[in-house]
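> Provide a 3D model corresponding to the input given below.
(chains A and B)
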Amino acid sequence: GNSVTQMEGPVTLSEEAFLTINCTYTATGYPSLFWYVQYPGEGLQLLLKATKADDKGSNKGFEATYRKETTSFHLEKGSVQVSDSAVYFCALSRSSNTGKLIFGQGTTLQVKP
Amino acid sequence: GAVVSQHPSWVICKSGTSVKIECRSLDFQATTMFWYRQFPKQSLMLMATSNEGSKATYEQGVEKDKFLINHASLTLSTLTVTSAHPEDSSFYICSAPGRGRSPDVYGYTFGSGTRLTVV
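This next block holds a predicted model:
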């Protein structure tokens, strides 16, 4: 079946450090891939997405590239800020119309000043 | 931007009682609403999909009679946990296709979630 696996957290970094949160998936065909972020006390927000192989999603300094050969969609940011502290979810969707998102377990990022 | 308002944000109830959670799309019409459940340190699991004007579609293993879903209008979907028990304690989140259109383009808009504790 379809599944998403994320690296376990929490991930604790100092401000301006480089961030990588690994995400790999299992799916048939060509799913769409997403990263969602949940700030404390708020709902999940779409951070970035990629809908086909080799696409790079980017937003707010974060990037992730859809790698079909390694079935990965790792999230990266060159220099994190305290305000990036949140829970990050990797997710896939097999169909744009069913709305069935399959989530990873989430990775908590803590950035210290 | 697209906003889904979810209430209450947290609720504590006694075993055997029912709890209603509401999700409203504030600035767009949501013909579809998805309901997720999240256990601590675990992933969000889709419970059901509600569609305005028709019956909800439940995922395998989700009890229809325990988790009643109603999608009465284009802007309101409700989840009622009936005869709640401590094992129903969880974090419940709703979401709708972003701006009511293709989620592959606009993503999904999520409510802020409801923390249910059954004592």
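> alpha carbons only for contacts and neighbour counts from here, please
Will do.
> surely residue B:45 is in contact with residue B:58?
No: in this structure residue B:45 lies outside contact range of residue B:58 using C-alpha atoms under 8 Å: 11.6 Å.
> so where do the helices sit in the chain?
Picking chain A for this. Counting by DSSP state H, chain A forms no helices at all.
> um, chain B though
Under DSSP H, chain B gives helices at B:103-106.
> quick one: residues contacting the residue nearest to residue B:62 when sequence neighbours are not counted.
For residue B:62, the nearest residue in space outside its immediate sequence neighbours is residue B:47; the separation is 6.3 Å by C-alpha to C-alpha, 6 or more residues apart in numbering or on different chains. For residue B:47, the contact set (C-alpha atoms under 8 Å, 6 or more residues apart in numbering or on different chains) comprises B:34, B:35, B:36, B:37, B:58, B:59, B:62.
> filter those down to the buried ones.
Buried subset of the contacts of residue B:47 (neighbour count, 16 or more other C-alpha atoms under 10 Å in any protein chain shown): B:34, B:35, B:36, B:37, B:58.
> got the contact list for the third one?
Spelled out, that is residue B:36. B:44, B:45, B:46, B:47, B:48, B:92, B:93, B:94.
> find the residue closest to it in space, skipping its chain neighbours.
residue B:46 (4.4 Å).
> got it, and the second one?
Nearest-residue entry for residue B:35: residue B:94, 4.5 Å, with adjacent residues in sequence omitted and distances by C-alpha to C-alpha, 6+ apart.
> ok, the one you found touching residue B:113?
Yes: counting by C-alpha under 8 Å, residue B:94 does reach residue B:113; the two are 6.9 Å apart.
> overlap in contacts of those two?
residue B:6.
> those two: which is more packed in?
Taking other C-alpha atoms under 10 Å in any protein chain shown, residue B:94 and residue B:113 do not tie; residue B:94 has more neighbours (32 against 27).
> for the more buried one, which residues are in contact?
B:6, B:23, B:33, B:34, B:35, B:36, B:110, B:111, B:113.
> same question, residue B:14
Taking C-alpha under 8 Å, 6+ apart as the test, what residue B:14 contacts is B:84, B:85, B:118, B:119.
> rebuild those as JSON lines, extending it with neighbour count.
Below are the contacts of residue B:14 laid out as JSON lines (neighbours: other C-alpha atoms under 10 Å in any protein chain shown):
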{"residue": "B:84", "neighbour count": "22"}
{"residue": "B:85", "neighbour count": "17"}
{"residue": "B:118", "neighbour count": "20"}
{"residue": "B:119", "neighbour count": "13"}
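> ok, the residues you listed vs residue A:90, which is closest?
residue B:118 (29.4 Å; C-alpha to C-alpha).
> how about low-confidence regions in chain B?
B:1, B:98-106 (pLDDT under 70).
> which residues of it fall in strands?
B:4-7, B:10-13, B:19-25, B:32-38, B:44-51, B:57-58, B:67-73, B:76-81, B:90-97, B:108-110, B:114-118 (DSSP state E).
> residue A:101 is nearest to which of the ones you listed?
Taking those one by one with C-alpha to C-alpha, strand B:44-51 is closest: 7.5 Å.
> that closest one to strand B:76-81, inter-axis angle?
120 degrees (axes from the mean of the first three to the mean of the last three C-alpha atoms, to 10 degrees).
> from memory residue B:78 sits against residue B:52, does it?
No: under the criterion of C-alpha under 8 Å, residue B:78 makes no contact with residue B:52, lying 11.1 Å away.
> which of these two has more neighbours?
When residue B:78 is set against residue B:52 and neighbours are counted by other C-alpha under 10 Å, the residue ahead is residue B:78, at 22 against 18.
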